[in-house]
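>>> give me a 3D structure for the following:
(chains A and B)
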Amino acid sequence: MTAPLLSALQQRFAPYVRSLQEYRGQLTAVIQREGLVAIAQHLKTDPALAFDFLMDLTAVDYLKFGKTQRSAPTLKTPSPLPYYMTPKPVAETWNRQVQHDEQRFDVVYHFFSSHYHHRLRLRVPLAAADPSVPTLTSLWAGANWFEREVYDMFGITFTGHPDLRRLLMYPEFEGHPLRKDYPIDRRQPLLGPNV
Amino acid sequence: MTTTTTPPTIEQAAQARAASGETRHLFLNMGPSHPAMHGIIQLIVELDGEQVRRADVEIGYLHRAFEKDAEAVPYNSVMPYTDRLNYVSPLINNFGFCHAVERLLDITPTERCQYIRVIMSEISRISDHLTCVGASAMEMGAFTVFLYMIKAREWLWELVEAVTGARLTISYGRVGGVKADLPEGFAPRTLKVLEDVRGVLIECDKLLTRNRIFVDRMQDTGVISKERAINYGITGPFLRGCGVALDVRKANPYFVYDRLQFDVPTGAHGDNYDRYLVRMEEMEQSMRLIEQALRQIPAGPLNVDFEGRVLPADLMVDEAKMGRVAGFQQVRVRLDPTLEGTTRGFHGAVNATEKRAVLPPKEDTYGNIEGLMHHFKLIMLGHGIRPPQGEFYSAVEGANGELGFYVVSDGSDRAYRVRCRPPCFTIMSALPELIVGELLSDIIPTFGSINMIGGELDR
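Predicted structure coming up:
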């Protein structure tokens, strides 16, 4: 995809487009959720862009981003003591309070154009207190299940979705397993219909 | 005297109901465990007579938290999990994930490795299509075809076994390369197998393509238009059956697909029959790809003559511990048979020269301190492969369509987020639209042509 098209997009939706990045040959646009539907509509219908596929829709929980998980803790500053007297570094704990306005989630959309064979990624950051985005089911029927899965796994709600139920887990399941504060070893009973 | 009233017969009751205008819809549960559904999935269908009025699909019975697990283990340890996504063509999953991590690290695998990946992917694709076509034919009564195709798949899996050491859970991909080089005599053996598979395909083609029962059940069932398929995000043979010539191998070529010639077959009607024809043709194209790749693949070190000693691994470790490493540069180590083709020489041909991601050959790990440290730095907790912060979405053409891996790295030795975009997910979400308005018995061929794989659908 050519850069002019993207800068045109940025100009057209200036208040909503936060940034445009390119990394390893892939383009990412970070946008605000208020502009999501308009931008998605534009991407789909503009003949110069022609993103007719919603290839993938997922989310990322950035709660612990950059805090290396389960890696061996390392000393921040060199110790003046010999190594056998140096107290062992302790891994940081992350039972911290999440701020309401923290940009915790990103909903990630991958678009593909079957005409130009180019791809674009949209990222929509969401605050921890209000994780909801407008649905894209009116534009792509495939968004239906994708959004149900993201709701199931992350607890992000899609306003306007016709049928927002859990997709992979069962209705009685508590919590959202792909959130970073959901422990990987937590077990829940597998409920039958009459339990 | 008492008069006995005889209860109305079934026909009389039906007539009475029809006269009073009362009809009832019947709800039917297909699955989660049903002999005609290959995979654990529940279909709740509302029937009016034999016609499907509404349908709801319930998935998730095989959810194994792949994405959560992949966040908890180092990058190379994700490989066994990816095997279990699409267990009929696990090699493609391996390479798709490797590709994503390699791009995050900005590594390019060696030529030979890329050709090996292409060859193994195409072998997997053929075996996947054989399974799909064979199983759906069996569900329509053509058991012979199933047996023939599974026989052919067996030959292909023997090839896979010769290369990877396993048939299904192969774990053959590695970040920056593959586990081992191809075994000796692989090319002639493969060509022989392809010849045999062609024979089977011709036989099955004779049995199916113009078979009245098969054609009647496949033609004009499970129809979806081009526009709706794109709207659902459907890719792969399913989309090509609708007449859209879209293939990731052509659209966004990866590995060495841009150097190989192949055609993208398309259908016209978007029904089950066209999808069957597309799959049959794709197998032929895959064989074409394998043959070209075998011709083009740069020679490996198979001819390298080591002429030196071969030491058992434990002896080599002991010798090195005592510092008797003189001449170890010319020594080869004898490893477990499952690690055949990973020793020095082979190792360099199939793995990128990239110390950030690729383990040294075992001779170095056992025989010198630099190799040992290198190994340590990649294996021990808190070290490992550490791609810089960033994200990458890799798309490869799986047997069912676009297989995507979206990997987010936060700079640590584990992926921060791994998302797998399974190809059959979008097709399954379109299933209600495919079966509503058709007969109950049409669900079976439609479901067969979707080729649902529970492992990747539910992850």
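
>>> how about the secondary structure of residue A:87?
coil (DSSP: H, G, I helix; E, B strand; the rest coil).

>>> near chain A, which residues of the stretch 201-350 of chain B?
Applying C-beta under 8 Å from any C-beta of the partner chain, we find that the stretch 201-350 of chain B lies next to chain A at B:228, B:230-235, B:244, B:246, B:251-252. To be clear about C-beta, it is placed using only N, CA and C from the backbone, and glycine gets the same treatment.

>>> in a markdown table, list these along with distance to residue B:75.
Converted to a markdown table, those look like this (distance: C-beta to C-beta, whole Å):
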| residue | distance to residue B:75 |
| --- | --- |
| B:228 | 38 |
| B:230 | 34 |
| B:231 | 35 |
| B:232 | 32 |
| B:233 | 28 |
| B:234 | 30 |
| B:235 | 26 |
| B:244 | 34 |
| B:246 | 30 |
| B:251 | 27 |
| B:252 | 23 |
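
>>> which ones among those are found in helices?
B:228, B:230-232, B:251 (DSSP state H).

>>> most surrounded residue in the residues you listed?
Using other C-beta atoms under 10 Å in any protein chain shown as the neighbour criterion, residue B:232 leads those with 27 neighbours.

>>> for it, what are its contacts?
A:140-142, B:224, B:426-427, B:429-430, B:433 (C-beta atoms under 8 Å, 6 or more residues apart in numbering or on different chains).

>>> centre of the chain to the helix or strand hosting residue A:107, how far?
Using DSSP states H and E, residue A:107 sits within strand A:103-112. Relative to its chain's centre, strand A:103-112 lies at 4 Å (C-alpha atoms, centre = their mean, to the nearest Å).

>>> please name the nearest non-neighbouring residue to residue B:338.
Distances taken as C-beta to C-beta, 6 or more residues apart in numbering or on different chains place residue B:165 nearest to residue B:338, at 4.4 Å, with adjacent residues excluded.

>>> ok, the one you found to chain A distance?
Distance of residue B:165 to chain A, given as C-beta to the nearest C-beta, to the nearest Å: 30 Å.

>>> residues touching that residue, list them.
Per C-beta under 8 Å, 6+ apart, neighbours of residue B:165: B:180, B:337-338, B:340.

>>> check these and tell me the two furthest apart.
Taking C-beta to C-beta, the two most distant members of the contacts of residue B:165 are B:180 and B:337; they sit 10.7 Å apart.

>>> between these two, tell me which one has more neighbours.
residue B:180 (23 against 7).

>>> residues touching the residue nearest to that one when sequence neighbours are not counted, list them.
Using C-beta to C-beta, 6+ apart and skipping residues adjacent in sequence, the residue nearest residue B:180 is residue B:341, 3.3 Å away. By C-beta under 8 Å, 6+ apart, residue B:341 lies in contact with B:179-183.

>>> am I right that residue B:341 is in a helix?
No - if the criterion is three-state DSSP, then residue B:341 is coil and not within a helix.

>>> distance check, it against residue B:75.
Applying C-beta to C-beta, to the nearest Å, one obtains 22 Å for the distance of residue B:341 from residue B:75.

>>> ok, residue B:379 next?
Using C-beta to C-beta, residue B:379 is found at 12 Å from residue B:75.

>>> which one of the two has more residues nearby?
Applying other C-beta under 10 Å to residue B:379 and residue B:75 shows that residue B:75 carries more neighbours, namely 27 against 13.

>>> could you list the low-pLDDT ranges of chain A?
Scanning chain A for pLDDT under 70 picks out A:1-3, A:67-78, A:88-96, A:190-195.

>>> apply 80 and report the result again.
Low-confidence segments of chain A, defined by pLDDT under 80: A:1-8, A:66-80, A:83-84, A:86-101, A:189-195.

>>> biggest helix in the chain by residues?
If you meant another chain, say so; for now it's chain A. Longest helix in chain A, counting by DSSP H: helix A:143-154.

>>> try chain B instead
Assigned via DSSP H, chain B shows its longest helix as helix B:111-139.

>>> elements contacting the next helix or strand after that helix?
Remark: after helix B:111-139, the chain's next helix or strand is helix B:143-164, criterion DSSP H and E. Under the contact criterion of 3 or more C-beta pairs under 8 Å, 6 or more residues apart in numbering or on different chains; DSSP states H and E, helix B:143-164 touches helix B:111-139, helix B:186-208.

>>> quick one: the first one to chain centroid distance?
The chain centroid and the centroid of helix B:111-139 are separated by 7 Å under C-alpha atoms, centre = their mean.

>>> what's the distance between the residue located most distally from the centre of chain A and chain B?
Centroid-distance maximum for chain A: residue A:82 at 44.6 Å, with C-alpha atoms, centre = their mean. With distances taken as C-beta to the nearest C-beta, residue A:82 is found 21 Å from chain B.

>>> and residue A:37, how many neighbours?
For residue A:37, using other C-beta under 10 Å, the count is 16.

>>> doesn't it fall inside a strand?
No - counting by three-state DSSP, residue A:37 is not found in a strand; it is helix.

>>> that one against residue A:136, yeah?
Yes - with contact defined as C-beta atoms under 8 Å, residue A:37 counts as touching residue A:136 (7.0 Å).
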